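Asks: quick one, fold the following:
(one chain, ligands or ions: 2)
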Amino acid sequence: MTSNTSVLNWIENMKTLVNPDQVVWIDGSEEQLEALRKEACSTGEMIKLNEEKLPGCYLHRTAVNDVARVEGRTFICSKKEEDAGPTNNWMDPEKAYKMLFDIAKGSYAGRTMYVIPYSMGPVGSPFSKVGIELTDSIYVVLNMAIMTRVGKAVLESLGDSEDWVRGLHCKCQIDEEKRYICHFPEDNTIISVNSGYGGNVLLGKKCFALRIASFLGKNEGWMAEHMLILGVENPQGEVKYISAAFPSACGKTNLAMLIPPEGYREKGYKVWTVGDDIAWMRIGPDGRLWAINPENGFFGVAPGTNEKSNPNALYTTQKGTIFTNVAHNLDDNTVWWEGLDKNPPENAVDWKGNPWNGKTSDVKGAHPNSRFTAPAKNCPCISEEFDKGTGVPISAIVFGGRRAQTTPLVYQSRDWNNGVFVGSIMASETTAAATGAVGVLRHDPMAMKPFCGYHMGDYFQHWIEMGQKLGDKAPKIFNVNWFRLDEEGHFIWPGFGDNLRVLEWILKRCEGSVDAQETPIGYVPYAEDINLEGLKDFDVETLKTILEIKNDEWSKEAEEITEFYKTFGDKLPAELQAQLASLKERLQ
Ligand code: OXD
Ligand code: MN
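Replies: Ligands and ions are numbered 1, 2, ... in the order given. As a prediction, the model looks like this:
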């Protein structure tokens with residue numbers, strides 16, 4: 001399919017290493033993918049679901065020890081340890097290659113090597129980049145064919161260039177003790193062994209589009225961010241775009257596919273989804289920041305997705321979707337997960353493959369990090385701009401975490417550098433998207449802690465420099481927190497579609513058409529300026545409680561930040577140190 005010698009030589013070397021029975025190039029044709037689906041069903045790797053209710057949909061179960069990203073076993077293998085920084089695990093590249101090659105050696109014996117040429121971003125777009133993933137998993141091929149653009153056209157667009165990302169995935173024996181997800185930013189290379197879970201093995205996603213791409217972005221003057229992108233269309237038909245960074249499993253997919261509250265719909269407001277997880281952003285010829293979603297599908301968290309929380313996502317998953325680690329309803333050969341509806345199947349199989357009665361069982365039918373892999377084109381609110389490759393201009397950048405206290409519903413940073421500070425101090429309670437304890441507060445700057453492929457201090461510096469280049473064309477930066485709890489532990493803000501009320505305030509701030517109160521942390525809305533029309537059981541007094549800034553809580557926060565900042569040593573940009581100092585001053 002190609003005469004590119006850098007591609008052919010590398011594949012030859014990898015072939016010698018892993019020793020497959022045969023090599024199959026993925027050409028992107030529907031016939032080839034359909035044959036692979038049939039093969040995966042014949043071996044039990046996938047289960048074909050009810051063709052009438054869920055046409056073209058499949059179920060896959062991973063090994064029970066392999067259900068989430070393994071941050072503890074994810075490494076940045078830069079030549080110098082310092083370049084990986086304090087937020088990454090580091091391994092010496094020479095040592096890492098040796099260890100990985102020992103594990104990978106001969107591991108494809110009796111298996112097929114699939115060669116997946118893929119493009120992150122529409123093929124040929126100036127934003128896009130090419131990768132090649134080698135894998136011994138049909139599940140990976142079929143997921144990559146949903147999540148990225150794959151096949152011949154990608155190789156044609158690459159031509160003879162050596163500028164592509166090498167990716168080797170070996171399932172091996174799915175041995176937890178030998179599971180490694182390693183990145184070699186200086187070699188444009190990713191090697192993942194002993195896993196079959198999406199985030200560890202769909203190498204276009206976290207590994208390339210965030211870890212490797214963030215490194216490329218720093219060197220080439222653009223940004224790869226853990227951000228959704230959405231467009232808000234007002235009744236006049238104008239669309240303004242927002243990108244927003246939230247840690248994993250904090251509702252990015254729900255926000256990206258938001259359905260406006262009834263009153264807004266009646267007036268003619270619409271929300272368009274450009275992306276739900278990753279944004280690649282460049283300064284355009286007009287000096288503004290433009291963004292594309294490099295992915296072609298959604299790898300969304302299934303539990304909690306329902307007719308009310310995210311009808312667009314639910315609809316998106318009704319055809320051509322691969323479900324992973326959800327419950328299998330044997331009565332009608334469909335799928336179920338916690339939070340789908342109040343009617344769990346009685347005659348089912350749980351995510352571990354055991355018989356399961358949802359009415360009587362006290363174990364979960366679906367893993368909390370069970371997923372759907374669904375084509376973006378299925379989404380009823382997919383933006384017209386999604387596939388164009390020209391990107392969309394970003395008016396506002398929003399940061400947000402899961403914080404029970406302290407952080408208000410929304411505030412605006414004072415300027416770009418203050419916004420970088422706001423992103424850098426993001427903290428959030430951990431979720432099931434990664435292995436480890438859930439609900440523990442951790443610092444997650446820009447929601448990039450698990451995904452920044454180089455020293456986070458340098459990453460902050462890159463943000464500051466991007467702001468200098470953007471000047472007065474820079475998007476305005478905000479922070480939101482949908483997750484404030486009351487004394488009984490209930491969420492105070494209704495969230496979901498009602499988040500548009502907050503986005504509306506954000507866009508008004510961008511236009512300069514609404515005032516705000518200055519506080520030590522930034523600009524907070526006057527409660528009256530957030531439209532609460534049509535919201536039941538929620539009044540302006542309640543709103544005030546989640547807009548209030550308590551100086552004592554923020555002083556404690558500032559102390560925390562001081563400690564956190566120490567971890568970056570002298571790589572912490574002076575601008576951020578100054579931001580922290582002036583926050584402390586304002587709090588006094
Ligand atoms: C994801 C994640 O899968 O952030 O998007 O874990
Ligand atoms: Mn994510």
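Asks: what helices or strands is the helix or strand containing residue 142 leaning on?
Replies: Taking DSSP states H and E as the definition, residue 142 sits inside helix 138-147. Secondary structure elements in contact with helix 138-147, counted by 3 or more C-beta pairs under 8 Å, 6 or more residues apart in numbering; DSSP states H and E, are helix 30-43, strand 112-120, strand 129-135, strand 297-301, strand 322-324, strand 371-375. Quick note: C-beta positions are derived from backbone N, CA and C, even for glycine.
Asks: so which of those is nearest ligand 1?
Replies: Nearest to ligand 1, of all those, is strand 297-301, at 5.4 Å by C-beta to the nearest ligand atom.
Asks: which residues of the stretch 351-500 of the chain fall in strands?
Replies: In the stretch 351-500 of the chain, the segments counted as strands under DSSP state E, counting those that start in this stretch are 355-356, 371-375, 392-400, 410-412, 427-429, 441-443, 476-480.
Asks: can you redo the ones you listed as TSV with mean neighbour count and mean pLDDT?
Replies: Output for those, formatted as TSV (neighbours: other C-beta atoms under 10 Å; pLDDT from 0 to 100):
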stretch	mean neighbour count	mean pLDDT
strand 355-356	18	98
strand 371-375	25	98
strand 392-400	24	98
strand 410-412	25	98
strand 427-429	21	88
strand 441-443	16	90
strand 476-480	24	98
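Asks: for residue 332, find the nearest of these.
Replies: Ranking the strands of the stretch 351-500 of the chain by proximity to residue 332 (C-beta to C-beta) places strand 355-356 first, at 15.1 Å.
Asks: you'd agree residue 26 is up against residue 150?
Replies: Yes - at 5.5 Å, residue 26 counts as touching residue 150 under the criterion of C-beta atoms under 8 Å.
Asks: residue 433 contacts residue 69, correct?
Replies: Yes - using C-beta under 8 Å, residue 433 is in contact with residue 69, at 6.5 Å.
Asks: more neighbours, the two?
Replies: It is residue 69, of residue 433 and residue 69, that has more neighbours when counted by other C-beta atoms under 10 Å, with 23 against 19.
Asks: partner residues bridging that one?
Replies: Going by DSSP bridges, residue 69 is paired in beta bridges with residue 434.
Asks: need the overlap of contacts for residue 433 and residue 69.
Replies: Shared contacts of residue 433 and residue 69, defined by C-beta atoms under 8 Å, 6 or more residues apart in numbering, are found at 199, 248.
Asks: near ligand 1, which residues of this protein?
Replies: Where proximity means C-beta under 6 Å from any ligand atom, the interface of the chain facing ligand 1 comprises 69, 199, 248, 277, 299, 433.
Asks: where does confidence bottom out across those residues?
Replies: Within those, pLDDT reaches its minimum at residue 433, with 79.
Asks: distance check, that one against residue 68.
Replies: Using C-beta to C-beta, to the nearest Å, one gets 6 Å for the distance from residue 433 to residue 68.
Asks: joint contacts of the two?
Replies: Applying C-beta under 8 Å, 6+ apart, one finds that residue 433 and residue 68 are jointly contacted by 199, 369.
Asks: verify the contact between residue 505 and residue 532 for me.
Replies: No - the pair residue 505 / residue 532 is not scored as a contact, 11.4 Å apart, by C-beta under 8 Å.
Asks: now distance to residue 580 too, for the strands of the stretch 351-500 of the chain, in CSV please.
Replies: As requested, the strands of the stretch 351-500 of the chain are exported to CSV (distance: least, C-beta to C-beta, whole Å):
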stretch, distance to residue 580
strand 355-356, 50
strand 371-375, 38
strand 392-400, 16
strand 410-412, 16
strand 427-429, 14
strand 441-443, 13
strand 476-480, 16
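Asks: which secondary structure state does the most centrally placed residue in the chain sit in?
Replies: Averaging the C-alpha coordinates of the chain gives a centre point, and the residue nearest to it by C-alpha atoms, centre = their mean is residue 277 (3.2 Å). Reducing the assignment at residue 277 to three states with DSSP: H, G, I helix; E, B strand; the rest coil gives coil.
Asks: check contacts around it.
Replies: With contacts defined as C-beta under 8 Å, 6+ apart, the neighbours of residue 277 are 205, 226, 227, 228, 252, 253, 293, 295, 298, 299.
Asks: how about a markdown table for the residues you listed, with distance to residue 401 and neighbour count added?
Replies: Rendered in a markdown table, the data for these read as follows (distance: C-beta to C-beta, whole Å; neighbours: other C-beta atoms under 10 Å):
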| residue | distance to residue 401 | neighbour count |
| --- | --- | --- |
| 205 | 21 | 26 |
| 226 | 12 | 25 |
| 227 | 14 | 29 |
| 228 | 14 | 26 |
| 252 | 12 | 26 |
| 253 | 16 | 27 |
| 293 | 22 | 32 |
| 295 | 23 | 24 |
| 298 | 21 | 28 |
| 299 | 21 | 22 |
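Asks: which two in the residues of the chain next to ligand 1 are spaced the farthest apart?
Replies: Taking C-beta to C-beta as the measure, the residues of the chain next to ligand 1 span a maximum distance of 12.7 Å, between 69 and 277.
Asks: ok, the residue of the chain most remote from its centre to residue 581 distance?
Replies: No residue in the chain has its C-alpha farther from the mean C-alpha position than residue 588, which lies at 37.5 Å (C-alpha atoms, centre = their mean). Counting by C-beta to C-beta, the gap between residue 588 and residue 581 amounts to 11 Å.
Asks: what's the answer for residue 308, then?
Replies: 45 Å.
Asks: pretty sure residue 58 is touching residue 44, no?
Replies: No - applying C-beta under 8 Å, one finds residue 58 not in contact with residue 44, separated by 11.7 Å.
Asks: for those two, indicate the residue with more neighbours.
Replies: A count of neighbours by other C-beta under 10 Å puts residue 58 above the other of residue 58 and residue 44, at 22 against 9.
Asks: residue in the stretch 51-200 of the chain nearest to ligand 2?
Replies: residue 199 (7.8 Å; C-beta to the ion).
Asks: that residue: neighbouring residues, count only.
Replies: Here the count is done by other C-beta under 10 Å, and residue 199 has 22 residues near it.
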